[in-house]
Structure formats: C-alpha cells, structure tokens
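# fold the following and give me the result.
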Amino acid sequence: MAKKKKKYRKNKEKMKKTKKKSNRGAYILIAVIVLIGAGLYVMKSKEEVVIEGTPKMVITPEAYDFGRVSVRGGEVSTLFLIENRGDGDLVIDDMDTSCACTSATIVYNGKEGPRFNMREHGTNPQWWSQRIPPGERAYLKVY
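Have a look, this model is predicted:
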C-alpha cells in the first residue's frame with residue numbers, strides 16, 4: 001500500500017509541474033496576442049489621420065527638359081516649386097518615377113526627404129510622409 005501512495009504522490013507532483021508549464025505557455029500566448037493587438041491598434045491609429053479642408057497642389061514649371069545628358073557627366077538635377085494653394089494640408093506620402101534613371105525627393109524647410117524611384121525596383125521608402133500646410137511651399141527635386 002505504501003508503494004502505491006508514493007507512486008500516486010509522484011504522479012500528482014508530475015501533473016502539477018506539467019500543469020504549471022502548460023499555464024506558463026498559455027500566459028505567454030496571451031501576452032503575445034495582446035502585444036500584437038496593441039501594435040495593430042497603434043498602426044491603425046496612425047493611418048486614421050483626419051485632414052480638414054482641401055489641399056490644392058500647384059507645381060511650377062510644369063515641365064523641364066534636361067536636354068542631352070552625358071552618363072559620364074555625372075548626376076544632374078532640377079527643382080520644381082510645389083505650392084499648396086488650398087485650405088487643407090497637402091500630404092505627400094508616395095512618389096514614383098517612370099524611368100530607372102530618374103529619382104525624386106521633396107525638400108521642405110531646407111530638409112531633403114528620402115529618394116523615390118520606380119516602384120518596381122522595390123526600394124521606395126515606406127511610412128514616410130511630408131505635410132505641407134496651406135500657403136506653404138516645398139520643392140520637388142528631380143535627379
């Protein structure tokens with residue numbers, strides 16, 4: 001009888017340890033789910049920016065001809081003026097060029113943003129944006 005009690009106690013202790021381990025896994029799983037949910041909530045709240053008013057983007061000049069550009073001559077660039085003539089913030093969060101030899105940036109308050117190229121190359125910045133308030137100016141720098 002004493003052997004059965006010892007064996008029963010050992011099995012009971014093993015079950016407690018197993019139960020503790022399985023509870024630990026459940027707690028970790030719950031914590032991971034909560035963290036993922038919080039992350040998704042933060043990402044969603046960033047996307048839901050309400051912009052009041054209507055922006056109106058005016059770019060001058062409308063076109064620019066670089067003429068003949070020598071590959072050996074190095075990189076050439078020009079600036080286009082961007083004005084927001086509307087009554088709401090102008091938000092630029094994506095750009096795309098039509099040729100692999102061309103890239104563009106936004107220059108606002110003297111600070112140049114990241115370069116955008118052809119979307120197909122997969123190197124365009126993500127999660128970047130530039131807000132231009134009504135009456136303000138920026139530059140589109142084309143390389």
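# use CA for all of it now, contacts and neighbours both
Fine.
# show me where the chain has its strands.
Here the chain has its strands, by DSSP state E, at 57-60, 78-84, 90-92, 104-108, 111-112, 130-132, 137-142.
# list the contacts of Arg68.
Applying Cα atoms under 8 Å, 6 or more residues apart in numbering to Arg68 gives no contacts.
# pLDDT score for it?
Looking at Arg68, its pLDDT reads 87.
# for Gln130, same thing?
Here, the pLDDT recorded for Gln130 equals 96.
# cool, Lys17 as well?
Looking at Lys17, the pLDDT reads 57.
# and if you look at the one 10 residues further on?
On the pLDDT scale, Tyr27 is placed at 58.
# can you put the strands of the chain in CSV and add distance to Gly122?
Shown next, in CSV, are the strands of the chain (distance: least, Cα to Cα, whole Å):
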stretch, distance to Gly122
strand 57-60, 26
strand 78-84, 24
strand 90-92, 18
strand 104-108, 15
strand 111-112, 21
strand 130-132, 20
strand 137-142, 19
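# can you lay out those as a markdown table showing mean neighbour count and distance to Arg68?
Output for the strands of the chain, formatted as a markdown table (neighbours: other Cα atoms under 10 Å; distance: least, Cα to Cα, whole Å):
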| stretch | mean neighbour count | distance to Arg68 |
| --- | --- | --- |
| strand 57-60 | 15 | 22 |
| strand 78-84 | 19 | 14 |
| strand 90-92 | 16 | 30 |
| strand 104-108 | 20 | 19 |
| strand 111-112 | 12 | 26 |
| strand 130-132 | 16 | 32 |
| strand 137-142 | 19 | 16 |
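# ok, which of those strands comes nearest Asn124?
Closest of those to Asn124 is strand 104-108, at 10.4 Å (criterion: Cα to Cα).
# out of the strands of the chain, nearest to His121?
Among the strands of the chain, the nearest to His121 by Cα to Cα is strand 104-108 (14.2 Å).
# and that closest one, C-alpha only, in PDB?
Extracted C-alpha coordinates of strand 104-108, given in PDB (Å, rounded to 0.1, in the frame of the first residue of the first chain):
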ATOM      1  CA  ALA A 104      12.900  62.400 -56.900                       C
ATOM      2  CA  THR A 105      12.800  63.900 -53.300                       C
ATOM      3  CA  ILE A 106      10.800  66.500 -51.500                       C
ATOM      4  CA  VAL A 107      12.600  69.400 -50.000                       C
ATOM      5  CA  TYR A 108      10.700  71.200 -47.200                       C
END
